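Visitor: Let me see the structure of the following:
(one chain, ligands or ions: 2)
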Amino acid sequence: MKCLSPSILSADFANLGEQIRVIDEAGADYVHIDVMDGCFVPNISFAFPVLKAIRPLTERIFDVHLMIEEPIRYIDEFAAAGADIITVHAEACKHLDRTIEVIKEHDILAGVALNPATPLEAVEYILPKVDMVLLMTVNPGFGGQSYISYCTEKVRKLKEMIERQGLKTDIQVDGGINLDNVEMVMDAGANIIVAGSAVFKGDVAQNVQDFLTLMK
Ligand SMILES: O=C(CO)[C@@H](O)[C@H](O)COP(=O)(O)O
Ligand SMILES: [Fe+2]
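Guide: Ligands and ions are numbered 1, 2, ... in the order given. The predicted structure is shown next:
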């Protein structure tokens, strides 16, 4: 199944509720929520109060990407705030397996994210326990950056690793995805597409529809 997950990091925060309504009505499957702590990444975004405020506005899947050190400390709160998927960075967890177990205790989906330069071996043993692997295709921390080209090969290799293990794990790509490269990453094996600036710059509803057309 292919899904579009617009990243609200690039939304107009003064009109966040309205922008969520627009992506929902235009047919976006997920809402990608980037949480940054100023420690794991050199930027700070938002957390529980924002999730709680927007949760009643849409029934779309809340796809929460935690760019925070030791996320195990906050899983319960993100689950209570309405997350449907919680993705943690392998690089940020001292005990990745335990962190995934804690997410699963909430009966929600668990994802593991890797920075561009982190080898795929970091997820090899945890793959059977996770629902999704998020491959960062830019260095995490900011929207609006350019896609790192070596990541296409990484998506392909991850797809092979998943198939070798007989799994159907989702592959999410995140960073620098636009209408010009979305087909390339899907051909490589990605099926959950995050797009921030490419959705929220210009006509948001039209951008969502254009992505969905290419993703059919
Ligand atoms: O996690 C992140 C950045 O750290 C992303 O989700 C970005 O928010 C994607 O934005 P674009 O690269 O699509 O503009
Ligand atoms: Fe993200």
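
Visitor: hey, let's count contacts and neighbours off CA atoms from now on
Guide: Noted.

Visitor: Can you get me the start-to-end distance on stretch 62-77?
Guide: The separation between the terminal residues of stretch 62-77, taken as C-alpha to C-alpha, to the nearest Å, is 14 Å.

Visitor: Show residues contacting that stretch.
Guide: 5, 30-41, 48, 82-89, 92-94, 99, 102-103, 106, 140-141 (C-alpha atoms under 8 Å, 6 or more residues apart in numbering).

Visitor: Now do the strands in this structure.
Guide: 3-6, 30-36, 61-67, 85-89, 109-114, 132-136, 170-174, 192-195 (DSSP state E).

Visitor: Mean neighbour count, mean pLDDT and distance to ligand 1 added to the ones you listed, as TSV?
Guide: Listed next are the strands of the chain as TSV, based on neighbours: other C-alpha atoms under 10 Å; pLDDT from 0 to 100; distance: least, C-alpha to the nearest ligand atom, whole Å:
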stretch	mean neighbour count	mean pLDDT	distance to ligand 1
strand 3-6	24	98	8
strand 30-36	23	98	5
strand 61-67	24	99	7
strand 85-89	26	99	11
strand 109-114	24	99	10
strand 132-136	24	99	7
strand 170-174	26	99	5
strand 192-195	27	98	4
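
Visitor: Make a markdown table out of these and add distance to residue 53.
Guide: A markdown table is the format used below for the strands of the chain (distance: least, C-alpha to C-alpha, whole Å):
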| stretch | distance to residue 53 |
| --- | --- |
| strand 3-6 | 18 |
| strand 30-36 | 13 |
| strand 61-67 | 13 |
| strand 85-89 | 18 |
| strand 109-114 | 21 |
| strand 132-136 | 25 |
| strand 170-174 | 24 |
| strand 192-195 | 22 |
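
Visitor: my guess is residue 128 meets residue 167, correct?
Guide: Yes: Residue 128 lies in contact with residue 167 (C-alpha atoms under 8 Å); the separation is 7.1 Å.

Visitor: which residue lies farthest from the center of the protein?
Guide: When distances are taken from the C-alpha mean of the chain, residue 164 lies farthest, 23.6 Å away, according to C-alpha atoms, centre = their mean.
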